[in-house]
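Peer 1: compute the structure for the input listed below.
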Amino acid sequence: MNTSPPPLTDRTALALHRARASALFLHEEVVAEVQERLEEVNRTFTAPVVVTGFPSLWSNFPTIADDDTLALQPAAHDLVIHALALHWANDPVGQLVQCRRALQPDGLFLGLMFGGQTLHELRACLAEAEAELTGGLSPRVLPMGEIRDLGGLLGRAGFGLPVADSFTKTVLYTDALHLMRDLRAMGEGNALAARLRRPTRRSVLLRAAEIYHHRFATPNGRIPATFEIICLTGWAPHDSQQKPLRPGSAAARLADALNAAETPLSDQKG
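Peer 2: Predicted coordinates for the structure are as follows:
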């Protein structure tokens with residue numbers, strides 16, 4: 001009996017969407033962000049690899065597809081970059097574990113993905129419009145993790161020195177329909193396995209656009225779309241890395257560091 005959960009993503013639909021993509025400015029933003037972060041690391045990487053759905057943007061790096069099973073060999077790389085594809089993964093933790101195993105000791109992992117604030121305006125307006133006109137909701141947008149939760153995944157996957165941070169890009173559009181067309185041009189159309197297999201009613205889209213404009217329009221009548229990009233950074237464990245202190249081994253007490261007076265438990269009131 002197969003007890004594995006049903007797949008989140010229809011990989012065939014995703015591949016078709018990506019093949020038609022023509023507006024890759026967010027992926028280009030990620031390429032620039034990765035280059036900047038690598039310069040700050042100040043290390044020469046000799047065996048890098050990039051996991052991506054758009055290999056043409058990474059001409060300076062060897063690339064592999066973001067398949068469920070990554071084409072990675074154990075301890076073969078000193079740098080693994082997962083480039084704006086983790087949000088489509090059926091098993092994000094499994095992807096991180098595979099990347100961790102592919103790293104040499106003290107190798108670096110950089111994973112950039114859309115975070116939970118991405119398209120929060122569009123998601124809210126579509127949900128309201130659909131509930132209002134049809135009395136229900138259909139799967140439209142990927143579940144996207146929050147930065148705290150995603151940072152915790154690094155530790156679960158076995159990375160040392162895990163860090164999660166994010167940056168936000170706001171893009172202005174003439175209206176919500178323009179935004180939806182641009183999402184398709186990005187290759188980010190609905191590829192959920194549980195999606196409706198018929199076109200969304202035009203009345204729902206027009207009502208969502210109306211709500212979007214009423215709630216979010218700028219003074220000049222354009223509407224903002226938020227894209228949150230979370231960057232996960234982790235290192236394959238190595239003896240040279242800084243280790244967390246053992247409990248009770250701190251050289252100074254917290255109260256001393258904060259210059260605060262301690263109150264005995266017996267003096268505290270419930």
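Peer 1: can we go C-alpha only for contacts and neighbour counts from here?
Peer 2: Fine.
Peer 1: tally of neighbours for the closest residue to W88 other than its chain neighbours?
Peer 2: What sits nearest to W88 in space, not counting adjacent residues and going by CA to CA, 6 or more residues apart in numbering, is T9, at 6.3 Å. Taking other CA atoms under 10 Å as the criterion, the count of residues near T9 is 19.
Peer 1: ok, L86 next?
Peer 2: The number of residues near L86, taken as other CA under 10 Å, comes to 21.
Peer 1: pull up the gap between it and M186, please.
Peer 2: Distance of L86 to M186, computed by CA to CA, to the nearest Å: 16 Å.
Peer 1: same check, this time on H87
Peer 2: Here H87 is placed at a distance of 14 Å from M186 (CA to CA).
Peer 1: the more surrounded of these two?
Peer 2: Using other CA under 10 Å as the criterion, H87 and M186 rank with M186 on top: 20 against 17.
Peer 1: check contacts around that one.
Peer 2: Residues in contact with M186, defined by CA atoms under 8 Å, 6 or more residues apart in numbering, are R18, A21, S22, A23, L24.
Peer 1: what subset of those residues is buried?
Peer 2: The neighbour count (16 or more other CA atoms under 10 Å) marks R18, A21, L24 as buried among the contacts of M186.
Peer 1: is it true that A164 touches G155?
Peer 2: No. Judged on CA atoms under 8 Å, A164 makes no contact with G155 at a distance of 11.0 Å.
Peer 1: when those two are compared, which one has more neighbours?
Peer 2: Neighbours per residue, other CA under 10 Å: of A164 and G155, the larger number sits with A164, 20 against 16.
Peer 1: which residues does the residue nearest the centre of the chain bridge with?
Peer 2: Nearest residue to the geometric centre of the chain (CA atoms, centre = their mean): M113, 2.3 Å. Following DSSP bridges, M113 is listed with bridge partners I230.
Peer 1: show me what contacts it?
Peer 2: Applying CA under 8 Å, 6+ apart to M113 gives the contacts A83, L84, A85, L86, H87, I229, I230, C231.
Peer 1: any idea how far the third one lies from A208?
Peer 2: It stands for A85. 27 Å.
Peer 1: shouldn't L161 be in contact with W235?
Peer 2: Yes. L161 is in contact with W235 according to CA under 8 Å; the separation is 6.2 Å.
Peer 1: out of those two, which sits in the busier spot?
Peer 2: W235 (25 against 16).
Peer 1: quick one: the helices in the stretch 51-200 of the chain, in order.
Peer 2: For the stretch 51-200 of the chain, the helices defined by DSSP state H, counting those that start in this stretch cover 92-102, 120-134, 147-156, 176-185.
Peer 1: can you redo those as JSON lines with distance to E36?
Peer 2: Output for the helices of the stretch 51-200 of the chain, formatted as JSON lines (distance: least, CA to CA, whole Å):
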{"stretch": "helix 92-102", "distance to E36": "21"}
{"stretch": "helix 120-134", "distance to E36": "27"}
{"stretch": "helix 147-156", "distance to E36": "21"}
{"stretch": "helix 176-185", "distance to E36": "26"}
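Peer 1: pLDDT below threshold where in this protein?
Peer 2: 1-4, 136-144, 196-198, 241-270 (pLDDT under 70).
Peer 1: go with 50
Peer 2: 1, 245, 247-270 (pLDDT under 50).
Peer 1: can you list contacts of the helix ranked longest in it?
Peer 2: The helix that spans the most residues within the chain, counting by DSSP state H, is helix 25-41. Contacts to helix 25-41, defined as CA under 8 Å, 6+ apart, come from residues L57, W58, A83, L84, L110, L112.
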